[in-house]
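Participant: Build me a structure from this.
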Amino acid sequence: MQVILIQDVDNLGGKNELVTVKNGYARNYLIPKKFAVEANPSNLKQLEERLKVQAKKEAAMLAEIHKVTEVLKASPVKIGVKTGTSGKIFGTVTALQITRAIRDQKGYEIDRRRIHILTEVKEVGLHKASIDFGNGNVAEIEFDVVAE
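Facilitator: Here you go, the predicted model:
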């Protein structure tokens, strides 16, 4: 029996997937627990519509990610830190500081957990970090650490 999964089911498939299962498994478990619906013509049309809408949303999100990436790559973000006389900074630059700098200077709100600093930042100068937007979309940006 073919069913359309409404939500992810372990060892079977993901949401909006068309899978073939045994009749008893579908009728006694998947359909009553609202994990799946029967794959009849009307449900298949609804699935096609959901997949079209999802594809449009993903395309719009991908365009927005590329726009944000281009703005961030255009010029490095400046982060002001306190330094000693030799140019070494007190402490280290964190993802939270980069997030705040991007918000203040570029106007984009990026979750700090998505930012990964490639090397430990202990000195003034130009450094790199990567931002993981999800779905394999990773952007590498530069940030400039300057003394206050």
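Participant: In three-state terms, label Ile79 for me.
Facilitator: Three-state call for Ile79 (DSSP: H, G, I helix; E, B strand; the rest coil): strand.
Participant: pLDDT wise, what is the spatially most central residue of the chain at?
Facilitator: Closest residue to the average C-alpha location of the chain: Gly134 at 2.8 Å, with C-alpha atoms, centre = their mean. Looking at Gly134, its pLDDT is 82.
Participant: do you know how far it is from Ile65?
Facilitator: For Gly134, the distance to Ile65 equals 9 Å [C-beta to C-beta, to the nearest Å]. For the C-beta atoms, the positions are set from N, CA and C on the backbone; glycine is no exception.
Participant: And Leu47, by the same measure?
Facilitator: Counting by C-beta to C-beta, the gap from Leu47 to Ile65 is 26 Å.
Participant: What ranges in the protein fall below the confidence cut-off?
Facilitator: Residue ranges of the chain with pLDDT under 70: none are present.
Participant: now the strands for it?
Facilitator: 2-5, 18-20, 36-38, 77-81, 115-117, 125-134, 137-147 (DSSP state E).
Participant: Around Val21, count how many other residues there are.
Facilitator: 18 (other C-beta atoms under 10 Å).
Participant: How is this structure divided into domains?
Facilitator: Structural domains annotated on the chain: 2-63, 67-147, as defined by automatic domain parsing.
Participant: So what's the residue count around Arg113?
Facilitator: If we define neighbours as other C-beta under 10 Å, then Arg113 has 10 of them.
Participant: what's the closest residue in space to it that isn't next to it in sequence in contact with, if anything?
Facilitator: Distance criterion C-beta to C-beta, 6 or more residues apart in numbering; nearest residue to Arg113, sequence neighbours excluded, is Ala95 at 7.4 Å. Shown in contact with Ala95 (C-beta atoms under 8 Å, 6 or more residues apart in numbering): 112-113, 115-117, 129.
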